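**Q** would you be able to build a 3D model of this:
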Amino acid sequence: MIKVGLDLAHKTCGIAILREDKLSYDSKIILQKSLSEIEISWQMTEWIFEQLKPYLEEPFELVLEDIFKGYNFDALKNTARTQGAVVDRYIQLKGIHPKYVTVITARKKVGVPIRAPKVAIQLWAMDTFKLGQIDPQFREHIEKTIERYYQKLDSKEKKELSLDLKDYSSRIAISNGIDEHRADAILLTLGS
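**A** This is a model prediction of the structure:
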């Protein structure tokens with residue numbers, strides 16, 4: 001069976017499609033400031049189903065990341081609207097409901113620490129599916145930074161490490177094409 005993972009927010013989406021141990025993935029970020037919230041939801045829904053079009057006649061399971069309640073209210077509201085549009089279209093086309101999985105559940109299932117920063121998920125996805133490599137010294141530096149991030153730190157050091165980890169995440173996305181949204185979608189395909 002084909003498994004599709006969606007790391008779906010309002011303006012961002014990662015999609016991973018796992019079919020017979022073959023993985024494909026992509027992501028989309030909508031940056032146009034001139035679009036209304038409804039137009040953004042519509043564009044995202046259209047993009048997702050364009051990606052799913054080749055698989056609609058085959059059986060597959062759609063796994064969505066359950067909405068994280070820590071968002072601010074506007075982000076939560078808009079993410080819920082986008083997810084609702086996607087779920088509605090999926091049910092209309094396939095006649096079945098998607099599966100919702102929390103990030104924590106997915107991370108536990110694949111053995112990734114619950115508090116893992118995004119760059120750790122990217123490294124996990126790269127290792128699990130052999131999706132390219134990064135310079136070994138750079139990787140060692142990232143891993144040491146992640147280890148420090150897991151330690152008890154004061155807020156200033158935690159903030160500095162978070163900025164470093166975000167930078168490393170961006171660098172991996174540029175060099176290997178595995179951005180945080182794609183990595184989270186890959187995680188959902190295996191962690192459900």
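
**Q** okay, CA-based contacts and neighbour counts for the rest of this
**A** Will do.

**Q** where are the low-confidence patches of this protein?
**A** 70-71 (pLDDT under 70).

**Q** where along it do the strands fall?
**A** Secondary structure of the chain, counting by DSSP state E: strands at 2-8, 12-19, 22-29, 60-65, 99-101.

**Q** elements contacting the fourth one?
**A** If you count contacts as 3 or more C-alpha pairs under 8 Å, 6 or more residues apart in numbering; DSSP states H and E, strand 60-65 packs onto strand 2-8, strand 99-101, helix 180-190.

**Q** go on, the second one?
**A** Contact here means 3+ C-alpha pairs under 8 Å, 6+ apart; on that basis strand 12-19 packs against strand 2-8, strand 22-29, helix 37-52, helix 180-190.

**Q** care to break this protein down by domain?
**A** 2-104, 111-176 (automatic domain parsing).

**Q** quick one on the thing from earlier: which of the helices and strands packed on strand 60-65 is buried the deepest?
**A** helix 180-190 (a mean of 27; mean count of other C-alpha atoms under 10 Å).

**Q** return the distance of it from the chain's centre.
**A** 4 Å (C-alpha atoms, centre = their mean, to the nearest Å).

**Q** can you check stretch 37-44 too?
**A** 18 Å.

**Q** thinking again about what came up before, what would the helices and strands packed on strand 12-19 look like in CSV with distance to Leu93?
**A** Listed next are the helices and strands packed on strand 12-19 as CSV, based on distance: least, C-alpha to C-alpha, whole Å:
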stretch, distance to Leu93
strand 2-8, 15
strand 22-29, 21
helix 37-52, 10
helix 180-190, 20
